[in-house]
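*Asks:* Predicted structure and sequence below. I'll ask about it afterward.
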Amino acid sequence: MLIQRLDPAKLLEAYDIKVQPVYPVPGVVEPPFGAVWAVVEPGGRTKHHNHQEGETFFVMRGEGLMRVGDEVFPVRPGDVVFQKPFNSHIIENTSATEDLVFISVYWEDTAMWAGRRETAPADLARPKRTLVTAAPPTPNGDLHLGHLSGPYLAGDIHARYLRLRGVDASFGFGTDDNQSYVKTNGDRLGMGPQEAADYLAGEIKATLETAGIELALFSRPNASPTHVPLVQAFFKRLYDEGKLVEKEAPAPFCETCDRYLYEAWVRGGCPHCGEMTGGNSCEGCGRPNNCSDLAEPACTGCGNPATLRLFKRLFFPLSQYEKQLRELYLKVGMNTSLRSLCEQILAAGVPDICVTHVAEWGIPVPVAGYEGQIIWVWCEMAPRYLSYAHELNLTRGLSEDWTSYWKSDEADVVQCFGFDNGFFYGMLVPALLLAFDPAVKLPSAFVMNEFYHLDGKKFSTSRRHAIWGREMIGDGPGKVPADAVRFFLAWDNPEVESTSFSLDEFHATVERELVRGWGGWLAELGAKLERERGGEVPYTGDWTEDHRRFYQRLEELTAQAATAYEARTFSPQLAARTLSELARAARRFGKAEETWRRVGGRSEERRTGLALELLAAKQLAVLAAPLCPELSARLWQELGYETPLAKHRWEDRPTWVPGGQKLRGLGAEPYFPGLSVRAGADQATVLASAAAGG
């Protein structure tokens, strides 16, 4: 006989509550299930979790709330709650004085896993329209490959994919003109901050266009009809409703320059990781600082150590929105890196965030008593995205304001940004939006990338350690087609860890995957069709087992590409590799099918093989369109289609290139002219010069 009693001395920490194992008992009894006593202390709750076991809770004492997926219901003694494998759940103790005690019994039965999968892209209920945004580039320099590899390419890829799915998707953002770095860069160039911002914004826009980034909106905030008024109204509402608090707190000050120091004007050791960083946030660990807590802070203008002075400023009490942020994290699509950063900051204690600074450049604080202070750009950032929605509607001749995207069930918002902005987009901006309007509909997904390096070191505008977008991309001598650069930046993308651009690796990958891979296969296919069918698409005939397997493989690769393009599972690396695998699989299939030419009685099978290989070419055109739009548009035309690819819709089950349709020079000309091992040496010389700032 074995008696197990709840013993407070035996309680262990697990899932953010206390548990005491009941079964199994090694050496005594090991039943086909496990069991624990579980104690949730007053006001406590389990972490949000799911697992492969089925599980049943037997509530013994206390009361609380149980959340399974999006369903929330009360529980009390005598209740029994069953949860299927992989059901996300939380149990919360709503009492302020009494423990909530239950027994959890769990067991693994893989038969119950049937159908437990993420919703396939084809099954998703999509909104009518989506606003895809990217972190605004600071106009203190042009864009290099490190910039392009991140949110700008990501947002363009995702928006193009959504349009193939029939969603009215718009990719839009603007420049971050009120950043402190704009002022310091203007001083360096001998220009006023707005003059410098206007000049460099033009350079940035030209680079985006050269890289094939298709924008519905490129906003200039200080010239926008909506931005400044909305920012000031947003800030004033927060102040009037008591959402901002006044504090007199220390801040770094340069006695030599007679300047209040923040952001671009101060550097020191990060209080969290120790890495040298600028003011207010650390690129190394992603966590915020308040400048006064930097180790050995120094003025970036003169290099002298900073002193600390007291300043009266306005702060946003971010900790008051912890519960809403945790609720957001249960729903929003975000990668593990961003999720762990947000949870790390929550666990350490969320700081109050200073949202006004003593500065001469920025949007003035619209509150009496704060003359000489500006709204910090990261407080400006929250209403910036409301302004984008309003301004986009104005460019379309619509009378709707920002609520058409941010408060509508028919619309969605997806935000793209880099790791250094993870805290701001994952925590600060959502909390500010909720403070402004609790009914705001927050983004459905955050797409975040890590840092992209150049030859092992960070891309750096200030140190001129960079390959600038327009020095590499173009049609002239030594230039590279935009699609080739886009493909490689996806192939080598820093989506879960930092990666490093190498010219040698670029040329080797493009030669292997695009020139010989895609281009070689399509050239062979076009020649075969011209030789055997006079350039006409064959009708299908008899099928073999290999034909059926290859068609199934096309379906699988189509689903894999869709997964790579969806915001919640976004993976440029997977997209690039899927496209290359499609070309490789099709070439292998085509080579095998050529053997039917030896057998006169197998012409029907030969027709089917050719039709399937052409179907693969059609799928390449469609699946590559978000990533390599120029190649896809050309390939689509060469397959004989009269209507543009932009009017075609994504097909989860591929349909045939129409039999009898006439091809138009499929693969007759190189898809990536000048890109080969032979041309690589000359291009490498040009690009090496660009990287050195020559």
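*Replies:* Received it, and whenever you're ready, just let me know what you need.

*Asks:* tell me the SS of residue 527?
*Replies:* State at residue 527, reduced to three classes by DSSP: H, G, I helix; E, B strand; the rest coil: helix.

*Asks:* dump the residue contacts of the residue nearest the centre of the chain.
*Replies:* Of all residues in the chain, the one closest to the mean position by CA atoms, centre = their mean is residue 447, 1.3 Å from it. With contact taken as CB atoms under 8 Å, 6 or more residues apart in numbering, residue 447 is in contact with 151, 154, 155, 158, 414, 415, 416, 417, 567, 570. All C-beta spots, glycine's among them, are computed from the backbone N, C-alpha and C.

*Asks:* What is the nearest of those residues to residue 102?
*Replies:* Proximity of the contacts of residue 447 to residue 102, judged by CB to CB, is greatest for residue 567, which lies at 36.6 Å.

*Asks:* The closest one and residue 359, how far apart?
*Replies:* Here residue 567 is placed at a distance of 35 Å from residue 359 (CB to CB, to the nearest Å).

*Asks:* Compare neighbour counts for those two and give me the winner.
*Replies:* Using other CB atoms under 10 Å, the more surrounded residue of residue 567 and residue 359 is residue 567, with 24 against 20.

*Asks:* okay but that one is in contact with residue 333, surely?
*Replies:* Yes: between residue 567 and residue 333 there is a contact under CB atoms under 8 Å: 5.6 Å.

*Asks:* Please enumerate the shared neighbours of the two.
*Replies:* In contact with both residue 567 and residue 333: 444, 445, using CB under 8 Å, 6+ apart.

*Asks:* Most neighbours out of the contacts of residue 447, which is it?
*Replies:* Greatest neighbour count in these, by other CB under 10 Å, goes to residue 416: 29 neighbours.

*Asks:* Determine the set of other helices and strands touching the helix or strand that contains that residue.
*Replies:* Using DSSP states H and E, residue 416 sits in strand 411-418. For strand 411-418, the packing partners by 3 or more CB pairs under 8 Å, 6 or more residues apart in numbering; DSSP states H and E come out as strand 129-134, helix 153-164, helix 403-406, strand 445-449.

*Asks:* Minimum distance to residue 495: which of these has it?
*Replies:* Scanning the helices and strands packed on strand 411-418 with CB to CB as the criterion, the closest one proves to be strand 445-449, at 5.7 Å.

*Asks:* tell me the mean pLDDT over the following helix or strand past that closest one?
*Replies:* Taking DSSP H and E as the definition, the helix or strand that follows strand 445-449 towards the C-terminus is strand 452-454. When pLDDT is averaged along strand 452-454, the result is 94.

*Asks:* same check, this time on stretch 366-373
*Replies:* Mean per-residue pLDDT for stretch 366-373: 96.

*Asks:* Give the helix, strand or coil label for the closest residue to residue 20 other than its chain neighbours.
*Replies:* Using CB to CB, 6 or more residues apart in numbering and skipping residues adjacent in sequence, the residue nearest residue 20 is residue 37, 4.3 Å away. Recorded secondary structure, residue 37: strand (three-state DSSP).

*Asks:* ok so, going back, ok, of the contacts of residue 447, which one's closest to residue 437?
*Replies:* Proximity of the contacts of residue 447 to residue 437, judged by CB to CB, is greatest for residue 415, which lies at 17.4 Å.

*Asks:* In the beta-sheet assignment, what are the partners of the closest one?
*Replies:* Beta-bridge pairing of residue 415, defined through DSSP bridges, involves residue 133, residue 446.

*Asks:* ok, the spatially closest residue to residue 666 that is not a sequence neighbour - contacts?
*Replies:* Nearest residue to residue 666 in three dimensions, chain neighbours excluded: residue 526, at 3.3 Å (CB to CB, 6+ apart). Under the criterion of CB under 8 Å, 6+ apart, the contact list for residue 526 reads 638, 663, 665, 666, 667, 668.

*Asks:* repeat for residue 269
*Replies:* The neighbourhood of residue 269, defined by CB under 8 Å, 6+ apart, consists of 275, 276, 277, 294, 295, 296.

*Asks:* from what I can see the residue nearest to residue 20 touches residue 22, true?
*Replies:* Yes: contact criterion CB under 8 Å: residue 37 and residue 22 qualify, at 6.3 Å.

*Asks:* C-alpha coordinates for the helix or strand containing residue 105, CSV please?
*Replies:* If you go by DSSP H and E, residue 105 is part of strand 100-107. What follows is strand 100-107, C-alpha atoms only, in CSV (Å, rounded to 0.1, in the frame of the first residue of the first chain):
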residue,chain,number,x,y,z
LEU,A,100,-5.7,26.9,-5.5
VAL,A,101,-4.8,23.1,-5.3
PHE,A,102,-5.4,20.5,-8.0
ILE,A,103,-4.1,17.2,-9.1
SER,A,104,-2.7,16.9,-12.6
VAL,A,105,-2.7,13.5,-14.3
TYR,A,106,-0.9,13.2,-17.6
TRP,A,107,-0.1,10.5,-20.1
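
*Asks:* ok, and for that strand, which residues are buried?
*Replies:* In terms of neighbour count (16 or more other CB atoms under 10 Å), strand 100-107 has its buried residues at 100, 101, 102, 103, 104, 105, 106.

*Asks:* circling back: shared neighbours of residue 37 and residue 22, anything?
*Replies:* By the contact definition CB under 8 Å, 6+ apart, residue 37 and residue 22 are jointly contacted by residue 103.
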